[in-house]
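**Q** sequence and computational prediction follow.
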Amino acid sequence: MARTVSDPDPRTALATLAAARGDSLAALSAMLGRNAAYLQQYVRRGSPRVLGERDRRLLSEYLGVSEATLGAPPDRPSGFRIRKLDVAASAGPGALVDGEIVLGTDTLDPGLARKLGLKDGQAAIIRVRGSSMEPGLFDGDHIVVDTADRTPRAKGGVYVIRIDDAVMVKRVALVRGALMATSDNPDAEPVPEGAIAVIGRVVWQMREPR
């Protein structure tokens, strides 16, 4: 849960939080890709008057506070926070992975998150690799996975699964009491044999225009 500070002034809050962590304002400015005096001028001179959205988001993630603490407008939601995992889910035969490393977080529109039924800590963004789920999913697509939904039904759906040490995205359905995984691309290689462990259901596709 994000921490809050009692002082309503975002400049004072930033200075207090940085000092508590032992971080200089110059170091935090460098983390943002800004010149060393950027945050010092913001705190001491009020220039800029407010932090930019990107800078505020990065600082809030690093310091573990809400964006409102750093000056986000109270009538404007800062977004639904979602983890970005270092897992390239293969749409081909599978990708061996050593673990799921959190790269950071991204945000979704709160209204979209509600529509998708997502809850805090129960969703992740991962990248697709391979072509076996084309034309629905292409290599390089980023997908939102609801990790709370791990129960495929008879009609099936698109899920991220693990077979042995291979992580992949497939269409999964419950057939005669057993899970069956298939590819959407008829030219794809066969799905590896083995027990299917469901990681979560794909609920959204984040793709740049092609």
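**A** Yep, that arrived. Numbers count the residues shown, from 1 in each chain.

**Q** just the helices in this protein please.
**A** Per DSSP state H, the chain carries helices over the ranges 10-21, 25-31, 38-45, 53-63, 110-116.

**Q** need the pLDDT of Ala37.
**A** Each residue has a pLDDT score; the one for Ala37 is 93.

**Q** also the one 10 residues further on?
**A** Reported pLDDT at Ser47 in the predicted model: 90.

**Q** separation between the closest residue to it other than its chain neighbours and Gly194?
**A** Counting by C-beta to C-beta, 6 or more residues apart in numbering, Ser47 lies nearest to Gln41, which is 5.1 Å off, once chain neighbours are set aside. The C-beta positions use only the backbone N, C-alpha and C, and glycine is treated the same way. Here the criterion is C-beta to C-beta, to the nearest Å. By it, Gln41 lies 58 Å from Gly194.

**Q** quick one: the residue nearest to Ser47 from Leu63, how far?
**A** Distance, Gln41 to Leu63, by C-beta to C-beta: 19 Å.

**Q** one more: Lys155?
**A** Here Lys155 is placed at a distance of 45 Å from Leu63 (C-beta to C-beta).

**Q** any stretches of the chain with poor pLDDT?
**A** Scanning the chain for pLDDT under 70 picks out 1-8, 74-79, 86-87, 92-105, 208-210.
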